[in-house]
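Peer 1: Predicted model, plus sequence, below.
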Amino acid sequence: MMQSLSTSQRPIKNTAEPPYFFQGEDNQEVRNWLTACEDYFDRHPIQGENHSHRIVFALGKTKGNKVEPFLEKYRKVMGGLGGYTQDPSYLMWERFRQEIIKRYISIEEE
């Protein structure tokens with residue numbers, strides 16, 4: 001006879017799917033996307049060990065014409081490329097969060 005496991009005995013899923021691609025569309029909420037990224041980092045520490053790895057990973061989970069200008073400028077400021085002065089704060093996850101929220105926050109999210 002099989003016994004069912006109680007809720008406290010069941011194995012907990014310790015993995016998370018990679019976040020969906022953020023495209024800057026009106027129906028996408030940037031804060032939800034950032035939460036999905038952070039959940040992924042929490043469950044996959046190698047991906048989120050340092051801030052710049054988090055940012056590069058998150059930038060790779062974006063696509064489309066609506067986010068391309070943001071990506072291009074962020075990468076240039078982050079690395080001091082293309083005539084932009086490098087801003088060390090752009091290497092920090094919190095700064096990335098602030099910048100992408102400022103750029104893509106919808107009125108409904110405020």
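Peer 2: Okay, I see it. Numbers count the residues shown, from 1 in each chain.

Peer 1: C-alpha from now on. contacts and neighbour counts both.
Peer 2: Noted.

Peer 1: Pull out the buried positions in the longest helix along the chain.
Peer 2: When the chain is parsed with DSSP state H, its longest helix is helix 30-43. Within helix 30-43, the residues that count as buried by 16 or more other C-alpha atoms under 10 Å are 30-31, 33-34, 36-42.

Peer 1: And the average pLDDT for that helix is what?
Peer 2: What helix 30-43 shows for mean pLDDT is 94.

Peer 1: Same question for stretch 67-84.
Peer 2: 96.

Peer 1: export the longest helix of the chain as PDB, just CAs?
Peer 2: Only the C-alpha atoms of helix 30-43 are listed here, as PDB (Å, rounded to 0.1, in the frame of the first residue of the first chain):
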ATOM      1  CA  VAL A  30       8.400  45.500 -16.900                       C
ATOM      2  CA  ARG A  31       8.300  44.900 -13.100                       C
ATOM      3  CA  ASN A  32       6.800  41.400 -13.600                       C
ATOM      4  CA  TRP A  33       9.600  40.600 -16.100                       C
ATOM      5  CA  LEU A  34      12.200  41.800 -13.600                       C
ATOM      6  CA  THR A  35      10.700  39.700 -10.900                       C
ATOM      7  CA  ALA A  36      10.900  36.700 -13.200                       C
ATOM      8  CA  CYS A  37      14.600  37.400 -13.800                       C
ATOM      9  CA  GLU A  38      15.300  37.800 -10.100                       C
ATOM     10  CA  ASP A  39      13.400  34.500  -9.300                       C
ATOM     11  CA  TYR A  40      15.600  32.800 -11.900                       C
ATOM     12  CA  PHE A  41      18.800  34.300 -10.400                       C
ATOM     13  CA  ASP A  42      17.700  33.200  -6.900                       C
ATOM     14  CA  ARG A  43      17.200  29.600  -8.100                       C
END
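
Peer 1: what's in contact with that helix?
Peer 2: Here helix 30-43 makes contact (C-alpha atoms under 8 Å, 6 or more residues apart in numbering) with 14-20, 22, 24, 47-49, 54, 58, 97, 100-101, 104-105.
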